[in-house]
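*Asks:* Structure of the sequence below:
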Amino acid sequence: MLLMTTTPLSLAPTTARRAVLTRRIRLFVAATITYNVIEAIIAITAGTRASSTALIGFGLDSVIEVSSAAAVAWQFSGADPERRERTSLRLIAASFCALAAYVTVESARALIGGDRAEHSSVGLVLAAVSLAIMPLLSAAQRRAGRELGSASAVADSKQTLLCTYLSAVLLAGLAVNSLFGWWWADPAAALVIAAVAVKEGRDAWRGDACCAPTTARSATPTTGGCADGCCSG
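*Replies:* Modelled structure (predicted):
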């Protein structure tokens with residue numbers, strides 16, 4: 001007789017677990033909003049003083065981060081968050097597209113005009129701190145969002161991760177410009193970030209059809225809280 005073994009399927013979160021995950025996501029969203037408000041003020045102020053398009057753009061990205069996180073907070077502020085999922089995802093997608101448009105225009109303007117920014121110690125420190133903090137915050141929110149089955153929370157975590165990419169680009173651009181005078185490095189790299197933003201915006205726009213609410217599929221096998229693992233990116 002052949003003995004057959006099966007691998008247990010991961011089940012949807014219980015009601016108690018969903019409550020824990022919802023509170024956790026609210027905490028991550030609050031932390032994201034608080035940090036990005038501070039980041040935006042510092043970046044825009046420092047960018048204006050140094051005439052740095054990269055720093056100002058980074059600060060505006062922080063503003064978009066706040067709007068994205070606020071959309072997720074709004075989703076989970078009511079008694080029926082699943083019904084707000086679609087609107088939250090559309091707002092997040094729109095913020096990605098707005099960011100991509102701004103970065104593209106400003107990068108092209110900088111490349112064509114040969115704009116050169118002054119050295120900014122504040123900008124270098126801010127980019128380094130964000131590069132250290134944002135990946136951790138993004139990963140934590142993404143895990144909670146996947147388990148809960150919230151596409152908007154996963155999309156917002158990707159927005160936070162995009163801020164990590166921008167932090168790296170900003171840090172490299174400011175450092176290379178200060179050390180070698182390669183003024184074109186930052187706007188050129190920012191164009192790559194714009195392309196990533198377009199992709200993430202498209203994914204967020206389609207995400208409401210990807211991650212069905214866990215309450216509606218409690219009997220359906222899941223992968224990390226999202227049907228077929230489609231939100232695992």
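
*Asks:* pLDDT score assigned to the nearest residue to Ala69 once chain neighbours are set aside?
*Replies:* Excluding its sequence neighbours, the residue lying closest to Ala69 (CB to CB, 6 or more residues apart in numbering) is Thr32, at 4.2 Å. Every C-beta, even on glycine, is put in place using the N, C-alpha and C of the backbone. According to the prediction, Thr32 has pLDDT 85.

*Asks:* tell me which element Thr32 falls in.
*Replies:* Using DSSP states H and E, Thr32 sits in helix 15-50.

*Asks:* Tell me the first helix or strand C-terminal of that helix.
*Replies:* Assignment by DSSP H and E places the next element after helix 15-50 at helix 53-75.

*Asks:* Can you check what angle separates the helix or strand following that following helix from helix 53-75?
*Replies:* Per DSSP H and E, helix 53-75 leads on to helix 85-113 as the next helix or strand towards the C-terminus. If you take axes from the mean of the first three to the mean of the last three CA atoms, to 10 degrees, helix 85-113 sits at 180 degrees to helix 53-75.

*Asks:* Buried residues of the helix or strand where Arg146 lies, list them for me.
*Replies:* Element membership of Arg146 [criterion: DSSP H and E] is helix 121-148. Neighbour-count burial for helix 121-148 flags 122-124, 126-128, 130-131, 133-135, 137-138, 140-148 (criterion: 16 or more other CB atoms under 10 Å).

*Asks:* I'd like the distance from it to the chain centre, please.
*Replies:* Centre-to-centre, helix 121-148 and its host chain are 9 Å apart (CA atoms, centre = their mean, to the nearest Å).

*Asks:* thinking in terms of the whole chain, how far from its middle is the following helix or strand past it?
*Replies:* For helix 121-148, the succeeding helix or strand toward the C-terminus, using DSSP H and E, is helix 151-180. Centroid separation between helix 151-180 and its chain, computed with CA atoms, centre = their mean, is 10 Å.
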